[in-house]
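Participant: need the 3D shape of this:
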Amino acid sequence: MNGSAAMLAGLALGLALGLFLPAAAPFVEPAGLLWFNAVRMTVIPIVMAQLILGVNTRVDARDLGSLGWKAFAWFIVLLASTATFAAAVTYPFLRWMPAVPPSAAAAPAPIPGFGEWIANLLPGNVLQAAAEGRLLALIFFALLFGAAVRQCSQDRKQALLLVVAAVSDAMLTIVGWVMRVAPYGVAALAVGVAAKLGSSVAGAFGYYVLLFCGIQVAITLALYLLVFARSRVDIRKWTTAVAPIQTLAFSSRSSLAALPAMVAAAEQRLGLTIAITGFVLPLAAACFRYSTPVAHVAGALFVAHLYSIELSTVQIVLMLVTTVFLSLSSPGIPSGGLLVALPLFHQLGLPPEGLGLLIAVDAIPDMFKTMANVTAHMAVATILALPRYTIGR
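Facilitator: Here you go, the predicted structure:
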């Protein structure tokens with residue numbers, strides 16, 4: 001049994017145990033929280049390391065003029081658009097989700113005033129900000145630190161980046177270890193959730209998966225309209241070139257695995273230049289997770305609805321801003337976008353076990369996410385090829 005199937009089996013077993021033997025929840029649920037804490041402890045180091053490395057290795061566009069910055073501008077615009085669209089669609093559609101009994105599992109996070117929010121964009125104490133889960137402050141600190149590292153002498157810069165890369169690799173190794181026992185952790189978390197929320201929780205998660213996949217299909221189709229409007233490539237030719245890549249991404253759940261196919265299609269079928277295939281596509285595969293804002297926003301709104309937690313307008317706006325930066329630092333592993341959402345959930349006052357269960361049902365949504373990601377990579381590459389570069393029809 002592969003990892004995704006094992007997690008789904010663990011989820012089903014945990015829900016059944018919680019429904020038919022709710023008295024077991026106090027004894028089993030701590031094991032699930034222990035597993036989830038093992039994941040949580042790696043997230044902030046991964047996010048900060050990825051951002052520092054990104055500022056120093058991915059955003060360096062000096063060798064190619066403005067092409068890199070144009071690519072990043074498109075990344076930011078598309079990430080912000082998908083986050084906003086996900087919020088606009090998810091919020092009203094959750095009203096039709098199968099009803100679940102109210103829960104007092106978590107208290108809403110305090111809502112900061114505008115002045116306090118501005119003042120807290122930079123942490124007075126980085127360690128305290130990490131302990132409190134003030135993710136946006138940590139993101140800004142990591143970006144500033146990464147920019148400062150670029151000003152160091154070359155030997156010191158390389159030495160420091162090697163340490164940061166080693167930290168990132170070590171954290172991802174720990175995540176790999178922890179995910180090996182994920183089916184057991186998910187089962188333990190599901191026992192507690194089912195005991196608290198009852199049988200309606202299964203229908204709620206099924207509804208979420210359908211809604212999430214529908215949003216992913218919508219944002220993928222929107223890319224076809226974008227290519228049609230912003231490039232001179234015949235949309236039928238582009239569709240034919242992208243289709244095999246989408247199939248590969250859907251089956252492998254890895255945009256990096258699809259990168260060679262993207263490069264080949266861009267060169268041979270669309271006639272894109274080496275500046276696009278050798279720079280923009282690898283850059284996109286490394287840090288552009290077009291679908292991640294949907295996972296963050298839809299997942300957070302779903303868990304808030306599930307636990308009867310009201311999110312304020314300020315919190316939702318803060319979530320939209322934060323998810324754009326988080327999407328640029330998601331590790332390239334299955335469900336990596338959901339893993340880095342942990343501090344975001346903490347910031348919103350959402351129970352972490354809800355996110356653990358989203359990871360358990362992520363097998364099918366992750367296929368749609370990966371397909372959306374590679375489609376976005378090809379779309380941005382095609383758009384950036386014009387007007388400065390010529391593309392054969």
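
Participant: okay, CA-based contacts and neighbour counts for the rest of this
Facilitator: Fine.

Participant: and S254, what are its phi and psi?
Facilitator: phi -140, psi 110 (degrees, to the nearest 10).

Participant: for it, grab the count of nearby residues.
Facilitator: With neighbours defined by other CA atoms under 10 Å, the count for S254 comes to 22.

Participant: now it. Nearest residue, chain neighbours left out?
Facilitator: Distances taken as CA to CA, 6 or more residues apart in numbering put T370 closest to S254, at 6.3 Å, once the chain neighbours are dropped.

Participant: can you give me the neighbour number for the one you found?
Facilitator: Neighbourhood size, T370 [other CA under 10 Å]: 29.

Participant: repeat for D155
Facilitator: For D155, the neighbour count with other CA under 10 Å is 8.

Participant: can you pull the buried residues of the helix or strand that contains it?
Facilitator: Applying DSSP states H and E as the criterion places D155 in helix 154-180. Applying a neighbour-count criterion of 16 or more other CA atoms under 10 Å, the buried positions in helix 154-180 are K157, L161, V164, A165, V167, S168, M171, L172, V175, V178, M179.

Participant: could you measure from the last one over to V186?
Facilitator: If I follow you right, that is M179. 10 Å (CA to CA, to the nearest Å).

Participant: got the phi/psi numbers for L350?
Facilitator: Torsion angles, degrees, to the nearest 10, at L350: phi -100, psi 140.

Participant: correction: S312
Facilitator: The phi/psi pair for S312 (degrees, to the nearest 10) reads phi -80, psi 170.

Participant: V361 and E353, how far apart?
Facilitator: Separation of V361 from E353 (CA to CA) stands at 13 Å.

Participant: typed the wrong thing, it's I52
Facilitator: With distances taken as CA to CA, I52 is found 29 Å from E353.

Participant: between those two, who's got more neighbours?
Facilitator: The residue with more neighbours, out of I52 and E353, is I52; 27 against 23, by other CA under 10 Å.

Participant: name the element the more buried one belongs to?
Facilitator: Secondary-structure assignment from DSSP H and E places I52 in helix 25-57.

Participant: for that helix, enumerate the helices and strands it packs against.
Facilitator: Contact partners of helix 25-57 among helices and strands, from 3 or more CA pairs under 8 Å, 6 or more residues apart in numbering; DSSP states H and E: helix 135-149, helix 154-180, helix 182-197, helix 336-339, helix 342-348, helix 352-360.

Participant: pLDDT of that helix, averaged?
Facilitator: What helix 25-57 shows for mean pLDDT is 79.

Participant: continuing past it, what's the next helix or strand?
Facilitator: Taking DSSP H and E as the definition, the helix or strand that follows helix 25-57 towards the C-terminus is helix 67-93.

Participant: could you list the low-pLDDT ranges of this protein?
Facilitator: 1-4, 57-65, 98-121, 132-136, 197-200, 251-252, 257, 329-336, 386-393 (pLDDT under 70).

Participant: now do the helix holding D155 and helix 182-197, the angle between them.
Facilitator: Compare the direction of helix 154-180 with that of helix 182-197 by axes from the mean of the first three to the mean of the last three CA atoms, to 10 degrees and you get 60 degrees.

Participant: and helix 154-180, what other elements does it pack with?
Facilitator: helix 25-57.

Participant: 10 Å instead, please
Facilitator: The contact analysis (3 or more CA pairs under 10 Å, 6 or more residues apart in numbering; DSSP states H and E) places helix 154-180 against helix 3-20, helix 25-57, helix 135-149, helix 182-197, helix 336-339.

Participant: could you dump the ones you listed into CSV with distance to V217 added?
Facilitator: Formatted as CSV, the entries for the helices and strands packed on helix 154-180 read as follows, by distance: least, CA to CA, whole Å:
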stretch, distance to V217
helix 3-20, 21
helix 25-57, 27
helix 135-149, 29
helix 182-197, 27
helix 336-339, 18
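
Participant: would you map the helices across the stretch 201-350 of the chain?
Facilitator: In the stretch 201-350 of the chain, the helices defined using DSSP state H, counting those that start in this stretch lie at 235-252, 259-268, 274-275, 281-287, 292-306, 313-327, 336-339, 342-348.

Participant: going by neighbour count, list what's buried in the second one.
Facilitator: Of the residues in helix 259-268, L259, A261, M262, V263, A264, A265, A266, E267 count as buried by neighbour count, 16+ other CA under 10 Å.

Participant: got the angle between that helix and helix 235-252?
Facilitator: Using the same axes, to 10 degrees: helix 259-268 against helix 235-252 is 170 degrees.

Participant: for helix 259-268, packing partners?
Facilitator: For helix 259-268, the elements it packs on are helix 235-252, helix 274-275, helix 281-287, helix 363-384, judged by 3+ CA pairs under 10 Å, 6+ apart.

Participant: the longest one now?
Facilitator: Applying 3+ CA pairs under 10 Å, 6+ apart, one finds that helix 235-252 contacts helix 200-230, helix 259-268, helix 363-384.

Participant: can you say which of these is nearest to A243?
Facilitator: Comparing those by their distance to A243 (CA to CA), the top pick is helix 363-384, with 8.9 Å.

Participant: can I get the closest one as CSV, trimmed to CA atoms?
Facilitator: The C-alpha atoms that make up helix 363-384 are tabulated as CSV, following Å, rounded to 0.1, in the frame of the first residue of the first chain:
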residue,chain,number,x,y,z
ALA,A,363,-4.0,12.4,-2.4
ILE,A,364,-6.6,13.3,-5.0
PRO,A,365,-6.4,17.1,-4.5
ASP,A,366,-2.6,16.9,-4.9
MET,A,367,-3.0,15.5,-8.4
PHE,A,368,-5.1,18.5,-9.4
LYS,A,369,-2.7,20.9,-7.7
THR,A,370,0.3,19.5,-9.5
MET,A,371,-1.5,19.7,-12.9
ALA,A,372,-2.4,23.3,-12.1
ASN,A,373,1.2,24.1,-11.2
VAL,A,374,2.8,22.8,-14.4
THR,A,375,0.1,24.5,-16.5
ALA,A,376,1.0,27.8,-14.8
HIS,A,377,4.7,27.2,-15.4
MET,A,378,4.0,26.7,-19.2
ALA,A,379,1.7,29.7,-19.3
VAL,A,380,4.1,32.1,-17.7
ALA,A,381,7.0,30.8,-19.9
THR,A,382,4.8,31.3,-23.0
ILE,A,383,3.7,34.8,-22.0
LEU,A,384,7.2,36.0,-21.2
